[in-house]
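# return atomic coordinates for the entry below.
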Amino acid sequence: MNLHINGAKVEVPASVQTVTDLIAHLDLSSPVIIVEHNQVILKKDEHENAQIKDGDKIEFVQFVGGG
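All right, here's what the predicted structure looks like:
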């Protein structure tokens, strides 16, 4: 399945079916991740039920601490 993630075309396995699966597949571990799925910002509790399909556009924003 091909997705557009943060502006880049990315191929992911068919086993990745939800936003939660995608976060795990990409190994995103930030405690706060903002997800926009096809131009709709999702609440964290919506990630598990948000189905993704070929051609979807996903934007991730992660907060990173530093100094």
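
# for residue 67, give me the pLDDT.
pLDDT for residue 67: 62.

# let me fix that, I meant to ask about residue 64.
Confidence score, pLDDT, at residue 64: 72.

# surely it is in a helix?
No. The assignment for residue 64 (DSSP: H, G, I helix; E, B strand; the rest coil) gives coil, which keeps it out of a helix.

# that one touches residue 30, doesn't it?
Yes. Judged on CB atoms under 8 Å, residue 64 makes contact with residue 30 at a distance of 7.1 Å. C-beta here means a position set from N, CA and C on the backbone, and glycine is covered the same way.

# neighbour count: the two, which is higher?
residue 30 (13 against 6; other CB atoms under 10 Å).

# who's in contact with the more buried one?
Residue 30 makes contacts with 62, 63, 64, as judged by CB atoms under 8 Å, 6 or more residues apart in numbering.

# can you map out the strands along the chain?
2-5, 8-11, 33-37, 40-42, 57-62 (DSSP state E).

# give me the contacts around the third one.
Meaning strand 33-37. 19, 23, 41-42, 47, 50, 52, 56-62.

# show me which of the residues you listed are buried.
With burial judged by 16 or more other CB atoms under 10 Å, the buried subset of the contacts of strand 33-37 is 19, 23, 42, 47, 50, 52, 56, 58, 60.

# tell me which of those residues is nearest to residue 5?
residue 58 (4.9 Å; CB to CB).

# isn't that closest one up against residue 47?
No. Using CB under 8 Å, residue 58 is not in contact with residue 47; the gap is 11.0 Å.

# give me the common contacts of these two.
The contact lists of residue 58 and residue 47 share 19, 35, where a contact means CB under 8 Å, 6+ apart.

# tell me, how many residues neighbour residue 54?
10.

# so who does it touch?
So residue 54 contacts 1, 2, 3 (CB under 8 Å, 6+ apart).

# give me that answer again for 10 Å
1, 2, 3, 11, 12, 14 (CB atoms under 10 Å, 6 or more residues apart in numbering).

# by mean pLDDT, which helix or strand of this protein comes out lowest?
Between all helices and strands in the chain, the lowest mean by mean pLDDT, DSSP states H and E belongs to strand 57-62, at a mean of 94.
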